[in-house]
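K.L.:
sequence first, then the predicted structure:
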Amino acid sequence: MAKIIKIGILGLGTVGSAIPFLLREQEEKIQKLTGLSFEIEKVFVRNVSNKQEIANQFNLKLTTDIRDVIENQEIDIIVEVMGGTTIAKDSIITALKNKKHVITANKDLIAQHGNEIEKIARENSCWLYYEAAVAGGIPILRTLSNSFISDKINSVYGIVNGTTNYMLTQMTTNNWSYDEALKEAQRLGFAESDPTNDVEGIDAAYKMVILTKLCFGMSLQMKDVSTQGITQISKQDILCAEEMGYQIKLLGSAKMINQGVKTSVAPTLVSNSHPLASVENEKNAVFIDSFGMGETMYYGAGAGGNPTASSILNDLMVIGEQLKNKVEVSSVTRFEESVVLAAESDSYSKYFVTFEMETSNETFFNILKDKHIKKDQIIQKTSEKEQVFTAILTSKMNNEELVLLLEEIKAEFKLSNQKSYHVI
């Protein structure tokens, strides 16, 4: 007979409602593989009447008192899928102190308070898993924690926000403006009515904090992540990038540079020959370069009810089997290093720079020639305002050298609408 493990769920939105559905669909397989049966004991919701239909469908017991779940002596594992960082944090901490194992999909919470919560989990001999917090249905955190345990990671690049990737795909393939792409993303439910966290790169930055910890053992603060969104990207930027053989993606990156880590989120030019260039619409991907395995990429659905709930179920299976086999509790991240940030001067990259200028002459090209920038790395077009729209693909340089180059150009020419992008 299968051992019964009882779970409590905090939240019954898109992801929360997919959990009972997948548990029912996979019940037979789960029992055959693990000898376990997972039963939902109680679900916390803010409004019972709004969730009664799904409760009836899956025979769920609802409550508006969160203590009925996190302090319930019958419950073994708490699944937190309500989002936010205040109530969610307090509830998870209370659950851990009540000896409940916890699974969360809350990347905001783990990125900002993960160390504190993991410490409390260890002190109470409880498992804390959060596979679904990064890249939805892609099992990237467990892959990093297990499959790369004997390897050294050099860098990780991620398209980890489906909203912005959908928007940039539409801006590229349909020649849409930023506003047109955002409006359609909101209509389809990919973007919130307030899209700030997505379009300003904040959501991706939370995920890169988590990936940096898994890859390099360093626990960064959000202030350590250079973050730039997609709101300033224009049609001209995209068209000129395409002409040079690149696509613009909102890319998270973390890499080791001279024993320090540099983590950032920014619009980045990705060569059409790079695997990440093929990642379109709301899909996510994580690209890893490591000493042993070389280059590997993990691709799939980055959000949505079933993909995210699948990652949560995977965490449930792992915790359930560890409870059954009486495995000693350990952290997801067993690899810990002191935080050392790479010096900005040590970070070299090609840059894609765009701006408008009133006129252009041989002086301009000579400045670029002195910086080893050839004419085939320069695109110039007359804009509607009779300005010369200019796009430049630089050679490798650090940010200080880029600033000096632009200052040299500005000494001779008046520039406006200046933007710069990293290139991989």
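P.N.:
That came in fine, so what should we check first?

K.L.:
quick check: the residue of the chain most remote from its centre vs residue 414, distance?
P.N.:
Distance from the C-alpha centroid of the chain peaks at residue 362, with 43.9 Å (Cα atoms, centre = their mean). From residue 362 across to residue 414, the span is 17 Å (Cβ to Cβ, to the nearest Å). (Each C-beta comes from the backbone N, C-alpha and C, glycine too.)

K.L.:
cool, and residue 208?
P.N.:
36 Å.

K.L.:
for those two, indicate the residue with more neighbours.
P.N.:
residue 208 (31 against 12; other Cβ atoms under 10 Å).

K.L.:
what's near enough to touch that one?
P.N.:
158, 160, 225, 252, 253, 254, 263, 264, 265 (Cβ atoms under 8 Å, 6 or more residues apart in numbering).

K.L.:
let me know the closest of the residues you listed to residue 335.
P.N.:
residue 254 (13.9 Å; Cβ to Cβ).

K.L.:
what's the neighbour count on that closest one?
P.N.:
Neighbours around residue 254, by other Cβ under 10 Å: 25.

K.L.:
regarding it, what is its secondary structure?
P.N.:
Three-state assignment for residue 254 (DSSP: H, G, I helix; E, B strand; the rest coil): strand.

K.L.:
that one touches residue 263, doesn't it?
P.N.:
Yes. Between residue 254 and residue 263 there is a contact under Cβ atoms under 8 Å: 4.2 Å.

K.L.:
all helices of the stretch 51-200 of the chain, in order?
P.N.:
Secondary structure of the stretch 51-200 of the chain by DSSP state H, counting those that start in this stretch: the helices cover 67-70, 87-97, 107-123, 140-142, 162-173, 178-188, 196-199.

K.L.:
for those helices, which one sits closest to residue 351?
P.N.:
That would be helix 162-173 among the helices of the stretch 51-200 of the chain, by Cβ to Cβ, at 18.6 Å.

K.L.:
host element of residue 369?
P.N.:
Applying DSSP states H and E as the criterion places residue 369 in helix 362-370.

K.L.:
buried residues in the following helix or strand past that helix?
P.N.:
Where DSSP H and E defines the elements, the next helix or strand beyond helix 362-370 is strand 378-382. Buried residues in strand 378-382, counted by 16 or more other Cβ atoms under 10 Å: 378, 379.

K.L.:
same check, this time on stretch 141-160
P.N.:
Neighbour-count burial for stretch 141-160 [16+ other Cβ under 10 Å]: 141-145, 148, 153-160.

K.L.:
likewise stretch 246-263?
P.N.:
Those would be 246-257, 260-263, for stretch 246-263 by 16+ other Cβ under 10 Å.

K.L.:
mind listing what residue 213 touches?
P.N.:
Residues in contact with residue 213, defined by Cβ under 8 Å, 6+ apart, are 114, 219, 220, 333.
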